[in-house]
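Student: Give me the fold of what follows.
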Amino acid sequence: MRKVLVIHGPNLNLLGEREPQVYGAVTLEEIDRTLGAKAAETGVELKIVQSNHEGEIVETIQNARHWAEVIIINPAAYTHTSVAIRDALSAVSVPTIEVHLSNIYAREGFRQVSHVSPVAVGSISGFGKDSYLLALEAASRLVLPPKKK
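Tutor: Residues are numbered from 1 along each chain as shown. A predicted model of the protein is given here:
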């Protein structure tokens, strides 16, 4: 069974009420339910964590090094500010997929710089909750590539 860790960063617990013109009306609980259902369908063991605290996210990444085969992370505001999260991802050597609900490259200039992207195998942004589903699909392919016929 493939093992994927999903990390939701700061303020994502407010989805559904926070800036719906940017992030939509979907709640974090809805995203987690959708991910859980897709994981069950595809044989992925999923752990999901949300934290507003940088140090807790760093510790979650460090603790995942012996368990997770892929990390999916939406670092939220820490995308643009946290060298500590970037360094933790680099240190654990677990393939990481960066996710964003909005297209960070179509937003304010400061949001267009990611400290995470250079250490991620890929980045998916701008597709709302589907960004997470696309990342889960990519994670399953990273872990178990399709068999050749």
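Student: State the phi and psi torsions of Val44.
Tutor: Dihedral angles of Val44 (phi, psi; degrees, to the nearest 10) stand at phi -110, psi 130.
Student: any idea how far it lies from Leu142?
Tutor: 11 Å (CB to CB, to the nearest Å). Quick note: C-beta positions are derived from backbone N, CA and C, even for glycine.
Student: cool, Ser125 as well?
Tutor: According to CB to CB, Ser125 and Leu142 sit 18 Å apart.
Student: More neighbours: which of those two?
Tutor: Each of Ser125 and Leu142 has its neighbours counted (other CB atoms under 10 Å); Ser125 has more, 21 against 17.
Student: Touching, the more buried one and Ile97? I think so.
Tutor: No - assessed by CB atoms under 8 Å, Ser125 is found out of contact with Ile97, at 10.9 Å.
Student: where does this protein have low pLDDT?
Tutor: In the prediction, the chain carries residues with pLDDT under 70 at positions 106, 108, 110-112, 143-149.
Student: That one: strands as residue ranges?
Tutor: Along the chain, counting by DSSP state E, strands occupy 2-8, 44-50, 70-74, 96-100, 122-125.
Student: Could you save these as CSV and add columns showing distance to Ala135?
Tutor: Below are the strands of the chain laid out as CSV (distance: least, CB to CB, whole Å):
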stretch, distance to Ala135
strand 2-8, 8
strand 44-50, 12
strand 70-74, 5
strand 96-100, 4
strand 122-125, 5
